[in-house]
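Asker: predicted model and sequence below, questions to follow.
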Amino acid sequence: MPELLTGKTALILGVANKWSIAYAIAQAFVREGAQIVLTYQGDRQRDTVRELADELAPGTRVMSCEVTIQQEIDNLINALRVERIRLDAAVHSIAFANREDLSRPFVETSRAGYQMAQDVSSYSLIAIARAVAPLMTAGGSIVTLTYLGSSRVVPNYNVMGVAKAALEASVRYLASDLGPSNIRVNAISAGPVKTTSARGIRDFSKVLEGVAAHSPLRRNTDPAEVADAAVFLASDLGRGVTGNVIFVDAGFQIMGL
Ligand code: NAP
């Protein structure tokens, strides 16, 4: 079978460990012939991500990027520019909210907690899109990860649901701005996956049980399925798709009960 991403280079933000959705995406991109660049947040993660990068493809570049610090984003882009790297795809697989905001009633969300969730989980997509667009000189594909909690109430998803709503709206505005440069911007709405971030949501295992019991496919989402949708969007097969939220969730989002 021909590789779908041969000749393409992708920047992937959000690999923390082997359970990260971004890791599954990195695996699929490498399988399809892409060159990848991974980022990590803070020195604590550097060695882990370096090891994962070498396992994925020896020599894979690993760079620092804490998305709430503009200078870190600028440094990342400057380093890519110095190396004359043309980007064809960028994957934004990043989110954060304070743990207490994912367990207490939503009405008790603090101003600081709200701003933190928005900054890391939503605004960062805009900052990253603005930074990578000039490197996408042959057009490109920007993909972010979202969740059904953006438009439906999912217990304890709370402030993250509001951040995801803003993220999905940002996808549409970015798609409109960047479309004339042949840069497409889409979100994949993944079904719940047991990752480090997801474990921060109180009673997350109940969400997994509910999806397995009620989704049309009667099972949960495999991160590899999310990754294959990201491959589609990054490849020329996705060339007509922009501004969309594509659900990879075993069909759960269509159900009323
Ligand atoms: P994950 O493995 O914990 O990935 C989250 C990533 O965000 C980590 O690499 C984390 O880095 C990074 N991050 C957090 N704050 C950051 C910051 N300020 N600067 C740079 N990086 C930062 O969890 P995941 O589930 O794969 O999450 C990836 C994306 O998928 C998120 O947008 C999430 O909302 C979305 N999603 C997840 C699910 C699910 O059920 N798991 C479902 C739908 C959508 P550190 O670990 O170093 O903090």
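Answerer: That came through fine.
Asker: quick one: list the elements packing against the helix or strand residue 168 falls within.
Answerer: Here residue 168, judged by DSSP states H and E, is contained in helix 158-178. Counting by 3 or more C-beta pairs under 8 Å, 6 or more residues apart in numbering; DSSP states H and E, the packing neighbours recorded for helix 158-178 are helix 111-118, helix 124-132, strand 140-146, strand 183-190. C-beta here means a position set from N, CA and C on the backbone, and glycine is covered the same way.
Asker: now the shortest one: mean pLDDT?
Answerer: Averaged across strand 140-146, pLDDT comes to 98.
Asker: what sits up against it?
Answerer: Under the criterion C-beta atoms under 8 Å, 6 or more residues apart in numbering, residues 14, 21, 87-93, 95, 125, 128-129, 132-133, 164, 167-168, 171, 174, 178, 182-190, 226, 230, 233-234, 238, 245 lie in contact with strand 140-146.
Asker: so what's the residue lying closest to residue 197 once chain neighbours are set aside up against?
Answerer: Taking C-beta to C-beta, 6 or more residues apart in numbering as the measure, residue 197 lies nearest to residue 95, with 6.0 Å between them; neighbours along the chain are not counted. Contacts of residue 95 were listed using C-beta under 8 Å, 6+ apart, and they are 117, 120, 121, 145, 160, 163, 164, 197.
Asker: of the contacts of strand 140-146, which are in range of the ligand?
Answerer: Counting by C-beta under 6 Å from any ligand atom, 14, 21, 93, 95, 190 from the contacts of strand 140-146 sit close to the ligand.
Asker: out of the residues you listed, which are inside strands?
Answerer: Where these overlap with strands, as defined by DSSP state E, the overlap consists of residue 190.
Asker: quick check: the farthest pair among the ones next to the ligand among the contacts of strand 140-146?
Answerer: 14 and 190 (12.2 Å; C-beta to C-beta).
Asker: how close does the closest residue to residue 119 other than its chain neighbours sit to the ligand?
Answerer: Leaving out its chain neighbours, the residue that sits closest to residue 119 by C-beta to C-beta, 6+ apart is residue 68, at 5.4 Å. Between residue 68 and the ligand the distance, using C-beta to the nearest ligand atom, to the nearest Å, works out to 5 Å.
Asker: contacts only, for residue 68.
Answerer: 119, 120, 124.
Asker: now swap in residue 33 and tell me
Answerer: For residue 33, the contacting residues are 3, 4, 5, 6, 7, 8, by C-beta under 8 Å, 6+ apart.
Asker: now do residue 3
Answerer: Residue 3 touches 31, 32, 33, counting by C-beta under 8 Å, 6+ apart.
Asker: quick check, residue 12 in a strand?
Answerer: Yes. Note on residue 12: a strand contains this position according to DSSP: H, G, I helix; E, B strand; the rest coil.
Asker: need the helices for the protein, in chain order.
Answerer: When secondary structure is read from DSSP state H, the chain shows helices at 21-31, 43-56, 70-82, 111-118, 124-132, 158-178, 196-199, 204-214, 223-234.
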